[in-house]
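> here's a sequence, model it:
(one chain, ligands or ions: 1)
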Amino acid sequence: MATITKQYIDGEFVESHGRELMDIIKPTNRQVIGRVTLGDEEDTRRAIAAAKRAFTTFGQTTKEERASYLGGLYKAVSLRIDDLTAAMVEEYGGVVRFARLIVESGANAFPAAEKGLEELPMTRRWGKTTVTLAPVGVAGLITAWNANALFICLKLASAIGAGCTVVIKPSELSSLQTEVMLECVEAAKLPKGVCNVVIGRGGVVGAELVRNPDVAKISFTGSVAVGQSIMRDGAATMKRVTLELGGKSPTILLDDAVLDKAIPAALILAFMNSGQACAAGTRLLVPKSRVAEVKRGIAEAMTTFSVGDPADPRTAVGPMVSQNQYERVQSYIRKGIEEGAEVLVGGEGHPPGLEAGYFVKPTVFANVKNDMTIAQEELFGPVLCVIAYDSEDEAIRIANDSKYGLHGAVLGADLQRARRVASQIRAGRVVINGMTDDPQAPWGGFKYSGVGREYGRYGIEAFLETRAILES
Ligand code: NAD
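From the prediction side, this is the model:
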């Protein structure tokens, strides 16, 4: 049983001042597998003070020095891919084949930031004017549980690239991953106080970061409601904010799509990370003329879709992270049925034999109208809505008829046409013909999906201020 009692402040593991204990519960069987001591406001203030002291020198480092720290972090995280993956599988039931991709993507954030830094001119001069980019100061990095290690890597890489010092508040549901990440930070030998971590509750540690005048910036990944509170409460101390929030992403299947490829691609988009993914393509838009064959194709493909032990590489969908999350998904499935959607696959309750954990049935609703609750709200579980459309214009209209705008996908044989459709989706990222990634490409949302961008050069820019010096 894991016992975590320390915070990481000023380059040392120190006993937590906060005394609240929280159980770590394994989602596959609801057993207590560890206990963590949660930090409090005092731990947070100590961490902020350490970051503030460290900023006086770290904020002056050269690009080359910061690139070498990024290289050290990459090396340290790359050596711990297996451990980070195992922690994700254990503590939140991430399916192993996806968890590994997530962790690798986290490691790759460091070289991506190094490249971004290389490309970013920190000084520009013309005539008697010099424009420099300066690190914003101490940054609070607040992460969600569903890919905690990746979010820590992404935000830390950008902050270090910019010359900011940080206090990380990881999700309280991710302590095992955070412990491994901390060992990576230790191994990378960052100067004392540059990276501090306080594990604790959002309303305690997170709220202190948001209100503390010595924190200049908050980079947050999580729900819209908390993102809104950060924007509102952070205004008192004029916080700069990056907010990576929720989504209800559309996948537009065009009428020329080859279904043998398009259906598996649509299902990966919908069910990645057991549907607990901000980018999940949970609305599949299908031309009316092809609805019947798409429904048949999905029903058949789902028969080989295995739910169960997330450590088994054949598993496609694991458990939900917690009892709350399990109930939330159940209540939306009920709502979908009440609103008249057709249950094509799955439905309410546990899959047979998996009653011990927070497992839900991967569910596909057909005959969904875009104004139904299940098509409008982010339910954060393995539930896909199939929505019919008449024309390409209508597909684009439905895709954009959402308060969210994080991600989208287009599936079709004619690449020119797919690109044209993609360019009309109001979302921060759109993939064509399947899920893919590029660590240099920006990530972030339109509308309620957030403010600002992460990854590579875009991520670093979010931690910088612009200063002009004019000589007379
Ligand atoms: P959440 O908003 O409940 O929590 C996120 C983090 O904020 C946690 O660390 C939590 O402790 C902290 N927090 C809670 N209250 C706070 C407060 N008052 N002040 C400061 N911090 C506070 O979200 P979650 O349940 O952990 O994650 C799921 C959500 O995250 C979903 O909506 C999902 O779409 C979103 N998400 C977005 C992205 C993205 O990149 N856009 C990625 C992953 C998850």
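> which residues does stretch 131-139 contact?
48, 51-52, 55, 59, 120, 122-125, 155, 159, 162-167, 214-219, 240, 461, 463-469 (Cβ atoms under 8 Å, 6 or more residues apart in numbering). Yep, even glycine has a C-beta here, placed from its N, CA and C like the rest.
> among these, which are within reach of the ligand?
Among these, proximity to the ligand is found for none (Cβ under 6 Å from any ligand atom).
> out of those residues, which sit inside strands?
Among these, the ones falling in strands (DSSP state E) are 123-125, 165-167, 217-219, 240, 464-469.
> closest to residue 99 out of those residues?
residue 219 (22.5 Å; Cβ to Cβ).
> mind telling me what element the spatially closest residue to the closest one that is not a sequence neighbour is part of?
Using Cβ to Cβ, 6 or more residues apart in numbering and skipping residues adjacent in sequence, the residue nearest residue 219 is residue 242, 4.4 Å away. Following DSSP states H and E, the helix or strand that holds residue 242 is strand 240-244.
> near the ligand, which residues of this structure show up?
So far as Cβ under 6 Å from any ligand atom goes, the chain lies against the ligand at 142-146, 169, 171-172, 201-203, 206-207, 210, 221-223, 226, 229-230, 244-247, 278, 378, 380, 406, 445, 450.
> try it again at 5 Å.
142, 144-145, 171, 202-203, 206-207, 221-223, 226, 244, 246, 278 (Cβ under 5 Å from any ligand atom).
> show me the contacts for residue 45.
Counting by Cβ under 8 Å, 6+ apart, the residues that residue 45 touches are 208, 212.
> mind checking the SS state of it?
Under the three-state scheme (DSSP: H, G, I helix; E, B strand; the rest coil), residue 45 adopts helix.
> which pLDDT value belongs to it?
For residue 45, the pLDDT comes out at 98.
> against residue 338, how distant is it?
48 Å (Cβ to Cβ, to the nearest Å).
> for the ligand, see how far away residue 363 is.
18 Å (Cβ to the nearest ligand atom, to the nearest Å).
> for the closest residue in space to that residue that isn't next to it in sequence, give me the pLDDT.
What sits nearest to residue 363 in space, not counting adjacent residues and going by Cβ to Cβ, 6+ apart, is residue 346, at 3.2 Å. Per-residue pLDDT puts residue 346 at 98.
> contacting residues around residue 346?
Counting by Cβ under 8 Å, 6+ apart, residue 346 has contacts 302, 333, 360, 361, 362, 363, 364, 382, 383.
> try 10 Å
302, 305, 307, 317, 333, 360-365, 382-384 (Cβ atoms under 10 Å, 6 or more residues apart in numbering).
> then residue 116?
Residue 116 neighbours (Cβ under 10 Å, 6+ apart): 70, 109, 157-158, 161-162, 439-440, 455-461.
> which of those are buried?
70, 109, 157-158, 161-162, 439-440, 455-461 (16 or more other Cβ atoms under 10 Å).
> next step: those residues restricted to helices.
70, 109, 157, 158, 161, 162, 456, 457, 458, 459, 460, 461 (DSSP state H).
> low-confidence ranges, the stretch 101-250 of the chain, go.
Applying pLDDT under 70 to the stretch 101-250 of the chain flags no residue at all.
> now the strands for it?
123-126, 129-135, 138-142, 165-169, 195-197, 217-221, 240-244, 250-253 (DSSP state E, counting those that start in this stretch).
> so who does residue 182 touch?
4, 6, 7, 8, 13, 152, 168, 170, 195, 197, 199.
> also residue 468?
Residue 468 makes contact with 124, 129, 130, 131, 132, according to Cβ under 10 Å, 6+ apart.
> any idea how this protein splits into domains?
2-245+449-470, 250-439 (automatic domain parsing).
> need the nearest residue in space to the residue of the chain most remote from its centre, chain neighbours excluded.
With distances taken as Cα atoms, centre = their mean, the residue sitting farthest from the centre of the chain turns out to be residue 472, at 47.2 Å. Ranked by Cβ to Cβ, 6+ apart and with sequence neighbours excluded, the top spatial neighbour of residue 472 is residue 128, at 7.4 Å.
> burial of the one you found, as a residue count?
9 (other Cβ atoms under 10 Å).
> which phi and psi does whichever residue of the stretch 51-200 of the chain sits closest to the ligand have?
Residue nearest to the ligand within the stretch 51-200 of the chain: residue 144 (3.3 Å; Cβ to the nearest ligand atom). Dihedral angles of residue 144 (phi, psi; degrees, to the nearest 10) stand at phi -90, psi 170.
> ok, it touching residue 155?
No. If you go by Cβ atoms under 10 Å, residue 144 and residue 155 don't touch, sitting 11.4 Å apart.
> what touches both of these two?
Joint contacts of residue 144 and residue 155 (Cβ under 10 Å, 6+ apart) are 220, 221, 244.
> just the ones of the contacts of residue 346 in helices?
Filtering the contacts of residue 346 for helices - DSSP H - leaves 302, 333.
> now, which of the contacts of residue 346 sits nearest residue 419?
residue 384 (24.5 Å).
> what about that closest one, neighbour count?
That count, for residue 384 with other Cβ under 10 Å as the rule, works out to 28.
> thinking again about what came up before, wait, what's in contact with the residue of the stretch 51-200 of the chain closest to the ligand?
Counting by Cβ under 10 Å, 6+ apart, residue 144 has contacts 150-151, 170-171, 173-174, 220-223, 226, 244-246, 276, 278, 380.
> tell me the gap between stretch 211-225 and the middle of its chain.
Centre-to-centre, stretch 211-225 and its host chain are 15 Å apart (Cα atoms, centre = their mean, to the nearest Å).
> let me redo that: stretch 189-209
That offset, for stretch 189-209, works out to 18 Å (Cα atoms, centre = their mean).
> same thing with stretch 225-236?
19 Å.
> just stretch 79-86 next, same as before
The mean C-alpha position of stretch 79-86 is separated from the chain mean by 18 Å, Cα atoms, centre = their mean.
> no further questions, thank you.
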